[in-house]
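>>> Prediction below, plus the sequence it came from.
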Number of protein chains: 2
Amino acid sequence: MVELRPPRGFRDFPPELAILRKELMSRLEQVYRRYGFDPLETPAVESWEVLAGKYGEEAENRLMWRFKDPWSEREYALRYDLTVPLARFIASHPEVPLPFKRYQIAPVWRHEEPQRGRYREFYQCDADIVGSPYPEADAEIINLLIEAVEALGIQSGYTIKVNDRRVLSGIFEGELGLRDPLPVYRAIDKLDKVGPEGVRAELEKLVGVPAALKIMEMLKSSGPLVEAAKQLLSSHSSGPTAEGARHLLEVAELLKRPEVVRFDMSLVRGLDYYTGPIFEVVLDRPAIGSVAGGGRYDNLIGLFARRQVPATGVSIGIDRLIDAGLEVGLYSISRRTYTQIQVVNVTPDSFSYAWRVADLFRSWGYNVRVDLNRSGQDAQRRRASRLGVPVLAFVGPQEVSTNTVTLYSSATGERVMVRLEEAEKALRRMLG
Amino acid sequence: MVELRPPRGFRDFPPELAILRKELMSRLEQVYRRYGFDPLETPAVESWEVLAGKYGEEAENRLMWRFKDPWSEREYALRYDLTVPLARFIASHPEVPLPFKRYQIAPVWRHEEPQRGRYREFYQCDADIVGSPYPEADAEIINLLIEAVEALGIQSGYTIKVNDRRVLSGIFEGELGLRDPLPVYRAIDKLDKVGPEGVRAELEKLVGVPAALKIMEMLKSSGPLVEAAKQLLSSHSSGPTAEGARHLLEVAELLKRPEVVRFDMSLVRGLDYYTGPIFEVVLDRPAIGSVAGGGRYDNLIGLFARRQVPATGVSIGIDRLIDAGLEVGLYSISRRTYTQIQVVNVTPDSFSYAWRVADLFRSWGYNVRVDLNRSGQDAQRRRASRLGVPVLAFVGPQEVSTNTVTLYSSATGERVMVRLEEAEKALRRMLG
């Protein structure tokens, strides 16, 4: 017997889960469109050189699905996120009018050690604005994020943590004297994974004990965005920290729900390419840590193009959210099929009539199943009820001879025999 | 400068193409749902052993994107189609109620030599019925195919070619005495690619000159499905050919549009796993050959499970159809954005009002853009008109002071200044 499961870290989604996933992704897509974003699609496979040098050492050496074409020896990798492919696209399409607002909802692949909520194939739901250096672009991304989180059914009990890479670099480089803060950011970014003690241990290795202590202390700084930015400005009148704080202050003025947005110095983001505001959405319940994150990356497109093009955006991860949401009751498997009507064929003789009835109901736009297994009436009903099909349409000798159908709504228990030409009205009543 | 294009045979889809693709795939999805199919999602990556031995030698040795996990030495491959993963899923989920009707619309990867209309990443739009051995399942697939093709905008000028692997094996094995007809099917399947002379040359190598001649003659047999099946039955009263013909005759009786369905002996399908009826959709215009194909594969799931589970299904390929459809005018780039309203900010002072107006319009469900680049009015209008945004909403000092907005419909040229609370009615009129 050969292997029957998907590879480790990969999953099959049976209809009841695929339907839930589609529903949630479609809600995100609606929000993205409402904010004026349009779809872009990039391939699953990228040339290795496109991805190399963009995500940091760990990603590149341990997490990338990298492989060689056995025929040409060319090196490829499965895409690691949707941001670098976007940057490549923009660089190669100088004709695209800016700002370019695109969304992409698609799987990415990372060679993670699989565990609860961590997969090797997972979806990213991204929205990015390319071509605006202004705080209004970052504010629009955060407002979109607020609506997106709420569209996922989370009306409260979430926080959008905000920081700015310039604020961080002003402090880490300017004040603490670090030459390369990126390894420090990556260490701090593991706070959720390894806890404060773990982060401190790694920081001590990177910068020594006194600096590590200072950093750990500093990371505790957090508060409402406007106040935090003003405080930073009161202690820094120029330099990158001030520049970042001023940008955040302008962002703060444009927010839909300022009360859910908080400055948090411990938010640093692990990826190398951020240059300005960064943000993450953290949920109280389910307590899965960050469910979305993003920020400004004004230099990434410049790695591909001769021109600098500013950009900012966000990525929402729905896989862990769905897992945890199902556990805490935020989501439920409420729909096992899109089918609205099961035509139940009562006797073998009535099959061709049942077939015509199914066809008629489909022509009215309904999703319809009809028996394909020459099953008895009971088996057909059992199958329909197991799937939760809301309406049964019985067809037997009596219906055939009177050109009728007997409709039964499992929700209300209503049962009615109607002439075929009147069935549409009855179905509309039963199915809305 | 690094490589900016996607890898050879892979593509980016900018918004105007992504919107068209989404629209066509969504129409197919609607048809699949109307016929009672539900979504299943399987991973992009499969264990090599799952795919090995399923598609024939050429596919396995030359076309599969196969690679090794550098850490575990495990072998994987990108999925080659959506059918084998479905078979694996069914085999590992004996609890799934049969018949199981699933659709999956997703990319697959083949290491083809890229050329016009042939890509290394392309979408398959599949619908399959698992668990019914009966002709009504095959008939339902063909009826779904008819509606699917029409949903893609092709109302006429297409043919669904039908044959049956049992009809073929009765003739090739029983009458011509071939021990293994699969290489012969693969040779015949290249008719579109290499022409009749090419096929004959390959057949001569496989079976010798006299048999090749006989086969070439036999392939010319075609005609209306009912007549062809009856003719086969008149010359074959038992054996696989008769069995196949009887099955096709029952299929024929359940077809929506029998006039578009034709028996064609030259239709053999290249894949190894078919066992019963097979079919392909051929378009007159655009003349791209087969746009969809499928058939019955009653033994494939048995390769994974200890039980035999009959199945039948179809795969629609939209990539070549879209390419060719754009060339012959079947499709056009009619929509470059989902955005319905561009809020045009006339002076810098009115920005925060413009921001609020955009937010209000979004709360009514409209897709809205607002300036994020501190651009002048003209630049904002040019950008909106380049994208084809149907409504402009002007906001300047006058609108701010009177709590109004000036709406302009680019379709009708209508321009009207309305109070904010009356804007919804005006927008509904302009945007439907």
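Happy to help now that I have it.
>>> Low-confidence stretches in chain A?
Low-confidence segments of chain A, defined by pLDDT under 70: A:1-2.
>>> per-domain residue ranges of it.
A:15-328, A:341-431 (automatic domain parsing).
>>> Count the residues that sit near A:G413.
When neighbours are counted by other CB atoms under 10 Å in any protein chain shown, A:G413 registers 7. Quick note: C-beta positions are derived from backbone N, CA and C, even for glycine.
>>> ok, and the closest residue to chain B within the stretch 251-400 of chain A, which helix or strand is that part of?
Using CB to the nearest CB, the closest approach of the stretch 251-400 of chain A to chain B is made by A:R369 at 3.5 Å. Counting by DSSP states H and E, the element that carries A:R369 is strand A:368-370.
>>> Then A:L330?
Short version, using DSSP H and E: A:L330 is in no helix or strand.
>>> Next up, the contacts around the nearest residue to A:I105 once chain neighbours are set aside.
Among residues not flanking A:I105 along the chain, A:C125 sits closest, at 4.6 Å (CB to CB, 6 or more residues apart in numbering or on different chains). By CB atoms under 8 Å, 6 or more residues apart in numbering or on different chains, A:C125 lies in contact with A:M25, A:L28, A:Y32, A:Y103, A:I105, A:A148, A:S315, A:I316, A:G317, A:I318.
>>> Swap in 7 Å and give it another go.
By CB atoms under 7 Å, 6 or more residues apart in numbering or on different chains, A:C125 lies in contact with A:M25, A:L28, A:I105, A:S315, A:I316, A:I318.
>>> Which pair of those residues spans the longest distance?
Spanning the widest gap among the contacts of A:C125 are A:M25 and A:S315, at 13.3 Å by CB to CB.
>>> what's the offset of the strand holding A:R369 from the middle of its chain?
With CA atoms, centre = their mean, to the nearest Å as the basis, strand A:368-370 stands 33 Å off its chain's centre.
>>> So which elements touch it?
strand A:341-345, helix A:351-363 (3 or more CB pairs under 7 Å, 6 or more residues apart in numbering or on different chains; DSSP states H and E).
>>> so what's the residue in the stretch 101-250 of chain A that chain B sits nearest to closest to, chain neighbours aside?
Relative to chain B, the nearest point of the stretch 101-250 of chain A is A:S132 (4.3 Å; CB to the nearest CB). Of all residues not flanking A:S132 in the chain, B:L372 sits nearest, at 4.3 Å (CB to CB, 6+ apart).
>>> And A:P97, how far from chain B?
Distance of A:P97 to chain B, computed by CB to the nearest CB, to the nearest Å: 6 Å.
>>> Can I take it that that residue is in a strand?
No: per DSSP: H, G, I helix; E, B strand; the rest coil, A:P97 lies outside any strand segment and is coil.
>>> That one against B:A384, yeah?
No: judged on CB atoms under 7 Å, A:P97 makes no contact with B:A384 at a distance of 9.9 Å.
>>> who's more crowded, those two?
Per other CB under 10 Å, whichever of A:P97 and B:A384 has more neighbours is B:A384, with 24 against 13.
>>> Test my guess that the more buried one contacts B:V391.
No: contact status for B:A384 versus B:V391: not in contact, 9.1 Å apart, counting by CB under 7 Å.
>>> I figured A:Y408 hits A:L392, correct?
Yes: taking CB under 7 Å as the definition, A:Y408 is a contact partner of A:L392 at 4.5 Å.
>>> And the helix or strand encompassing A:A393, what does it pack against?
Using DSSP H and E, A:A393 falls within strand A:391-395. If you count contacts as 3+ CB pairs under 7 Å, 6+ apart, strand A:391-395 packs onto strand A:341-345, helix A:351-363, strand A:404-409, helix A:423-431.
>>> same for the second one, what does it pack against?
Counting contacts by 3+ CB pairs under 7 Å, 6+ apart, the secondary-structure elements packed against helix A:351-363 are strand A:341-345, strand A:368-370, strand A:391-395.
>>> Adding distance to B:E121, write the domains of chain A out as TSV.
Listed next are the domains of chain A as TSV, based on distance: least, CB to CB, whole Å:
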stretch	distance to B:E121
domain A:15-328	5
domain A:341-431	30
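>>> Relative to B:S290, tell me which of these wins on proximity.
Judged by CB to CB, the one of the domains of chain A that comes nearest to B:S290 is domain A:15-328, at 23.9 Å.
>>> end-to-end on the closest one?
End-to-end distance for domain A:15-328: 21 Å, by CA to CA, to the nearest Å.
>>> Could you tell me how far that domain lies from the centre of the chain?
Relative to the centre of its chain, domain A:15-328 is centred 12 Å away, using CA atoms, centre = their mean.
>>> quick one: the strands in the stretch 251-400 of chain A?
Counting by DSSP state E, counting those that start in this stretch, the stretch 251-400 of chain A has these strands, from start to end: A:261-264, A:277-283, A:290-296, A:311-317, A:341-345, A:368-370, A:391-395.
>>> which one of those strands is the most hemmed in?
For these, the largest average neighbour count (mean count of other CB atoms under 10 Å in any protein chain shown) is found in strand A:341-345, namely a mean of 27.
>>> Parallel or antiparallel, which strands does that strand pair with?
Here strand A:341-345 has these sheet partners by DSSP bridges: strand A:368-370 (parallel), strand A:391-395 (parallel).
>>> List of residues touching the shortest one?
The set of residues external to strand A:368-370 that reach it, using CB under 7 Å, 6+ apart, is A:T339, A:I341, A:Q342, A:V343, A:N345, A:A354, A:W355, A:A358, A:F361, A:R362, B:R34, B:G36.
>>> Residue numbers of the stretch 251-400 of chain A in contact with chain B?
Counting by CB under 7 Å from any CB of the partner chain, the residues of the stretch 251-400 of chain A close to chain B are A:254, A:256, A:304, A:337-339, A:355, A:359, A:362, A:367-369, A:372-374, A:383, A:386.
>>> Name the nearest residue to A:H111, ignoring sequence neighbours.
A:L63 (5.1 Å).
>>> Now do the contacts for the one you found.
A:R110, A:H111, A:E112.
>>> Quick one: buried ones out of these?
By neighbour count, with 16 or more other CB atoms under 10 Å in any protein chain shown, the contacts of A:L63 hold A:R110, A:H111 as buried.
>>> Just give me the neighbour total for the closest residue in space to A:R336 that isn't next to it in sequence.
Using CB to CB, 6+ apart and skipping residues adjacent in sequence, the residue nearest A:R336 is A:E16, 4.5 Å away. By other CB under 10 Å, 18 other residues sit near A:E16.
>>> swap in A:R8?
By other CB under 10 Å, neighbour count at A:R8 equals 13.
>>> Could you give me the buried positions within the helix ranked longest in chain A?
In chain A, assigned by DSSP state H, the helix with the most residues is helix A:15-34. Across helix A:15-34, burial judged by 16+ other CB under 10 Å covers A:15-22, A:24-25, A:27-34.
>>> Can you name the residues in contact with that helix?
Taking CB under 7 Å, 6+ apart as the rule, helix A:15-34 contacts A:13, A:103, A:105, A:125, A:127, A:144, A:147-148, A:151-152, A:316, A:318, A:322, A:331, A:333, A:335-338, B:38-41, B:102, B:338, B:362, B:367-368.
>>> Then stretch A:147-162?
So stretch A:147-162 is contacted by A:24, A:27-28, A:31, A:142, A:145, A:225, A:248, A:260-264, A:267, A:277, A:279-285, A:316, A:321, A:330 (CB under 7 Å, 6+ apart).
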